[in-house]
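# One predicted model, sequence on top.
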Amino acid sequence: MTFTPEWLTLREPADAAARSEALLPPLRAALVNRTRVVVRDVGCGTGSMARWLAPRLPMPQHWVLQDRDPALLAAAARMVTGVPAETHQADLSTLTPSDLSDTDLVTASALLDLLTAEEINTLATACTGRPTLLTLSVAGVVELTPTHPLDAEFQSAFNDHQRRTESSRRLLGPDAIPVATDAFESAGFTVTTAPSPWRLGPTEAALTKEWLQGWVSAAVEQEPSLAEAPAYLTHRLSAPLRAVVHHTDLLALPRTE
């Protein structure tokens, strides 16, 4: 699955507003004795996580921006400013503990729901001993105002699409957080989660439109029998719409015995 820089730029303000500030105090406490931290952002996209998190950490930092997409890495190299950063092209599936030997903190955003259970186990093992902050995993719940009788049907089809099998990979979609919680706890972490919903209103109309079109398209791809989709989408786009798109943030801190 690929994402365009334009889509990532469009969603960045909503992502920044949604990420849980409640998980930051325990994260800062876990890093309190570090005079400098090396942060690796896996699946970094254009670097929005660095732009959000770097100003919220009190110590000097060096960021390693990792993604498999060279175009996104090039954008991240241009757009991440204010902290030293380097780019690294690699797929998450190849991540090993030795890759993180000089890393103090691992981060990712909007990633877990795109992974398989095996890939999450690989990630948890690679991160062993290092604080890990994984934000904005889809939770499978969308609230639309005003409501429509077909909302639940489209939500169910979209969630099934998120759980699809793609190139022999069984994606987790909205099941990612419980799977990740188990994986990180088994790897020696204490896991805390917090809600991080998008709250889209009139000022986010462009994002709402783009998101809704993608949401309906994925639902129809999963359930071609949703013949009402064109009329549903036309109706939804013809009047002001508010949306709460639920996500979950996860903080995994190494257990201290």
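Here it is on my side, so go on. Residues are numbered from 1 along each chain as shown.

# mind listing the helices for the stretch 1-150 of the chain?
Chain-ordered helices for the stretch 1-150 of the chain, with DSSP state H, counting those that start in this stretch as the definition, fall at 5-18, 24-30, 48-53, 70-79, 117-126.

# highest average neighbour count across the ones you listed?
Among those, the stretch with the highest mean neighbour count (mean count of other C-beta atoms under 10 Å) is helix 48-53, at a mean of 23. To be clear about C-beta, it is placed using only N, CA and C from the backbone, and glycine gets the same treatment.

# neighbouring contacts of that helix?
Contacts of helix 48-53 from elsewhere in the structure, counted by C-beta atoms under 8 Å, 6 or more residues apart in numbering, are 8, 12, 15-16, 19, 39, 41, 44, 63, 65, 76, 79-80, 83, 85, 107-109, 133, 135.

# CA-only coordinates of that helix in CSV, if you can.
Output in CSV follows, covering the C-alpha atoms of helix 48-53 (Å, rounded to 0.1, in the frame of the first residue of the first chain):
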residue,chain,number,x,y,z
SER,A,48,4.8,14.3,10.4
MET,A,49,5.6,12.4,13.5
ALA,A,50,8.9,14.2,13.8
ARG,A,51,7.2,17.6,13.3
TRP,A,52,4.7,16.7,16.1
LEU,A,53,6.9,14.9,18.6
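
# Please, where are all the strands along this structure?
Ranges of strands in the chain, per DSSP state E, are 37-42, 61-67, 85-89, 105-109, 132-145, 165-166, 169-170, 189-195, 198-200, 242-254.

# list the helices and strands the fourth one packs on?
Contacts of strand 105-109 with other secondary structure elements, assessed using 3 or more C-beta pairs under 8 Å, 6 or more residues apart in numbering; DSSP states H and E, are made with strand 37-42, helix 48-53, strand 132-145.

# and the residue nearest to residue 198 when sequence neighbours are not counted, bridged to which residues?
Distances taken as C-beta to C-beta, 6 or more residues apart in numbering put residue 245 closest to residue 198, at 4.1 Å, once the chain neighbours are dropped. Here residue 245 shows beta-bridge partners residue 142, residue 198, assigned using DSSP bridges.

# Is it correct that residue 245 is in contact with residue 140?
No. Here residue 245 does not reach residue 140: they are 10.2 Å apart, not a contact under C-beta atoms under 8 Å.

# If you count surrounding residues, which of those two has more?
Set side by side, residue 245 and residue 140 show more neighbours around residue 245, with 23 against 20, by other C-beta atoms under 10 Å.

# The more buried one and residue 76, how far apart?
Plainly put, residue 245 is 24 Å away from residue 76 if you go by C-beta to C-beta, to the nearest Å.

# got the contact list for the closest residue to residue 14 other than its chain neighbours?
Closest residue to residue 14 apart from its sequence neighbours, by C-beta to C-beta, 6+ apart: residue 198 at 4.7 Å. Residues in contact with residue 198 (C-beta under 8 Å, 6+ apart) are 14-15, 17-18, 211, 243-245, 247.

# Try it again at 10 Å.
For residue 198, the residues meeting the contact criterion (C-beta atoms under 10 Å, 6 or more residues apart in numbering) are 11, 14-15, 17-18, 136, 142, 204, 207-208, 211, 243-247.

# Report the spatially nearest residue to the residue minimising distance to the centre of the chain, omitting neighbours in sequence.
When C-alpha atoms, centre = their mean is applied to the chain, the residue found nearest the centroid is residue 110 (1.2 Å). Spatially, and ignoring its direct neighbours in sequence, residue 110 is nearest to residue 136 (4.5 Å; C-beta to C-beta, 6+ apart).
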